[in-house]
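missing the sequence, but the structure's below:
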């Protein structure tokens, strides 16, 4: 099974890595370099602090666990730092913070109340304002340095067998014999399956294969954020994308 992954950001490089490790022949196609358009500027805090939908919360927790695993496996300088996080509130917002801590604890998420003095010691001498009435500590959270992470992730995918191919897909022909991708400037890449991980360019590419994937691509302040959660199954005899 040959799979072409379009887009070498976090989703695309991750998909390429897992597909290669599962035995697929993978080509990772991108025309701007790993993570250049979007992932390098939007990927930082690793947490599941305010995901009120349980399914979304569990997905984020799984991502946190995967970052801990990848930190030991990716080449180059360390990019993930499990630093923990502190949230505090004044009298007006205290109940929201307390309720969130209780909700997260009921889900098994590491969260607990601390005193301002304890918070100061956790954060290395941080001075807590006198107006703060409640502080919460989330020790399992952390942050990522996007540039370092996006240098190590595609390299790890290549170590599992992924082949990186620079180029811009401008057309998709999805036929009974497989998928053909026309490249800007000429050339064709063929595969059995295609994974579209092209971010805000996904809608345009999918339309060329007759697939409607409506997306909100406006990045102005106040724009509506929209997410799409997909579930796939993988078998060694076939890859679902």
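The structure has been received and is ready for your questions. Please read all numbers here as calculations on a predicted model, not as lab measurements.

okay, now the closest residue to residue 128 other than its chain neighbours: neighbour count?
Setting aside the residues directly before and after it, residue 128 is nearest to residue 116 in space (CB to CB, 6 or more residues apart in numbering), at 4.0 Å. The C-beta positions use only the backbone N, C-alpha and C, and glycine is treated the same way. Residue 116: 16 surrounding residues under other CB atoms under 10 Å.

quick one: residue 116 from residue 94, how far?
Using CB to CB, to the nearest Å, residue 116 is found at 13 Å from residue 94.

next one: residue 173
59 Å.

again, but for residue 23
In this structure, residue 23 and residue 94 are 53 Å apart, going by CB to CB.

repeat that for residue 112.
In terms of CB to CB, residue 112 sits 15 Å off from residue 94.

more crowded one of those two?
Shown here are residue 112 and residue 94; by other CB under 10 Å, residue 94 has more neighbours (15 against 12).

so the more buried one touches residue 134, yeah?
Yes: with contact defined as CB atoms under 8 Å, residue 94 counts as touching residue 134 (4.4 Å).

shaky segments in the protein?
Across the chain, the ranges flagged by pLDDT under 70 are 33-38, 40-43, 217-220, 222-241.

can you pull out the helices in the protein?
Using DSSP state H, the helices of the chain run over 10-21, 39-42, 54-73, 94-106, 116-122, 146-159, 202-207.

can you say which of those helices is nearest to residue 140?
Of all those, it is helix 54-73 that lies closest to residue 140, at 6.6 Å by CB to CB.

picking that back up, right, so of the helices of the chain, which gets closest to residue 221?
helix 39-42 (14.8 Å).

centre of the chain to the edge, which residue is at the far end?
Distance to the chain centre peaks in the chain at residue 130, reaching 37.1 Å (criterion: CA atoms, centre = their mean).

tell me who's in contact with residue 63.
46, 48 (CB atoms under 8 Å, 6 or more residues apart in numbering).
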